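Below are the sequence and a predicted model for it; my questions follow.
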Amino acid sequence: MTIKADNLVWKIGSKTVVNGVSFTAEPGKMLGLLGPNGSGKTSLLRLIAGLKRPNSGRITLDQADLGSIGRRTIAQRVAFIEQHATTNSNLRVVDVVKLGRFPHRSMFSGWTHEDDRAVTEALERTGMTAKRHDAWQSLSGGEKQRTHVARALAQSPKELILDEPTNHLDVQHQISLLRLVSALPVTSIIALHDLNHAAMFCDNLIVMQEGKIVAAGSPQEVLTRDLLKSVFKVEAYVETSPHHARPHIHFAR
Ligand SMILES: Nc1ncnc2c1ncn2[C@@H]1O[C@H](COP(=O)(O)OP(=O)(O)OP(=O)(O)O)[C@@H](O)[C@H]1O
């Protein structure tokens, strides 16, 4: 079951930012969250990660109400990579990644082999091993982003929530990140702007517009010419790619 949202509403002042959102993120699958700027994607992800409380509605993790689960338990299983994540600038890359182990450690336990293994593997999977001793402030935007992903992987989460994680990444690293996340045995929810990348890598998609979910289903079901016009305001042609058999969008010039 993992993550389920039921009729979520979140308001700021008189503005309803998330308006009656329901969905289920299937275990082990990658759920893409699409929508134009300002449609409520980040706000929804922050609710799911437990950083904000909804005004009404319910989020459940394996059928337990998120509001009733302790913060430490949430931190042990849900990793969130925020859009504009910042980190204390005095740290080295490996120290940032080690922070991912924090929720798993108690006051009395020292650093374990398991912690070491998780950090080493996370650095390896994100291609950051060679830079593990570099200072955080010496990294490029894309390397910082990959370090944040490594920190989230080191956390060994059951659920991974990512807000536009391919921002700042060159095309090689965009593809390798999406390939990595789609192959992980975790439930992931990922906000993306690149619709072709979403079509290629996500198992299911939900599309938001003005705080509401306006489409949900497989990439084939969701990414139609009509939806691209009505929600994203673009003229486009959708074909099934002969290379990966997923939808491929050609935007009209
Ligand atoms: N803390 C806040 N105070 C005021 N308005 C907010 C706040 N957070 C979100 N909003 C408003 O809620 C709406 C949705 O914002 P949100 O960041 O969730 O959209 P988004 O779909 O993630 O956008 P983008 O694609 O540009 O990242 C926007 O109109 C935004 O201005």
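Happy to help now that I have it.

C-alpha only now, for contacts and for neighbours.
OK.

mind listing what the nearest residue to residue 157 once chain neighbours are set aside touches?
In space, and not counting its chain neighbours, residue 157 is closest to residue 77: 4.4 Å by Cα to Cα, 6 or more residues apart in numbering. If you count contacts by Cα atoms under 8 Å, 6 or more residues apart in numbering, residue 77 has them with 155-159.

let's go with 10 Å and repeat that
61, 103-104, 155-160, 186 (Cα atoms under 10 Å, 6 or more residues apart in numbering).

May I see the buried residues of the helix or strand of the chain with the lowest mean pLDDT?
Lowest by mean pLDDT, DSSP states H and E among the helices and strands of the chain is helix 71-77, with a mean of 87. Going by neighbour count (16 or more other Cα atoms under 10 Å), the buried part of helix 71-77 is 74-77.

What mean pLDDT does the helix or strand harbouring residue 147 get?
Per DSSP states H and E, residue 147 falls inside helix 141-154. Averaging pLDDT along helix 141-154 yields 90.

Could you list every helix and strand that that helix packs against?
strand 78-81, helix 93-98, helix 113-125, strand 159-163, helix 171-183 (3 or more Cα pairs under 10 Å, 6 or more residues apart in numbering; DSSP states H and E).

I'd like the distance from it to the chain centre, please.
12 Å (Cα atoms, centre = their mean, to the nearest Å).

What residue spans form the domains of the protein?
Taking automatic domain parsing as the criterion, the chain consists of the domains 1-77+159-217, 87-156.

Can I get the ones you listed in CSV including distance to the ligand?
Formatted as CSV, the domains of the chain follow (distance: least, Cα to the nearest ligand atom, whole Å):
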stretch, distance to the ligand
domain 1-77+159-217, 3
domain 87-156, 16
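
Reformat the ones you listed into a markdown table and put distance to residue 243 next to each item.
Listed next are the domains of the chain as a markdown table, based on distance: least, Cα to Cα, whole Å:
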| stretch | distance to residue 243 |
| --- | --- |
| domain 1-77+159-217 | 10 |
| domain 87-156 | 25 |
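
between those domains, which gets the lowest average pLDDT?
domain 87-156 (a mean of 89).

how far out from the middle of the chain is that one?
On Cα atoms, centre = their mean, the centre of domain 87-156 falls 18 Å from that of its chain.

Then stretch 239-253?
With Cα atoms, centre = their mean as the basis, the mean position of stretch 239-253 lies at 24 Å from the chain mean.

Stretch 181-199 now?
The answer for stretch 181-199 is 7 Å, by Cα atoms, centre = their mean.

buried stuff in it?
For stretch 181-199, using 16+ other Cα under 10 Å, the buried residues are 181-182, 186-193, 195-199.

what about that stretch, start to end distance?
End-to-end distance of stretch 181-199 (Cα to Cα, to the nearest Å): 14 Å.

So which residue is smack in the middle of this protein?
Centroid-nearest residue in the chain, with Cα atoms, centre = their mean: residue 162, separated by 1.7 Å.

Was I right to think it contacts residue 84?
No. Between residue 162 and residue 84 no contact is recorded; they are 11.1 Å apart, counting by Cα atoms under 10 Å.
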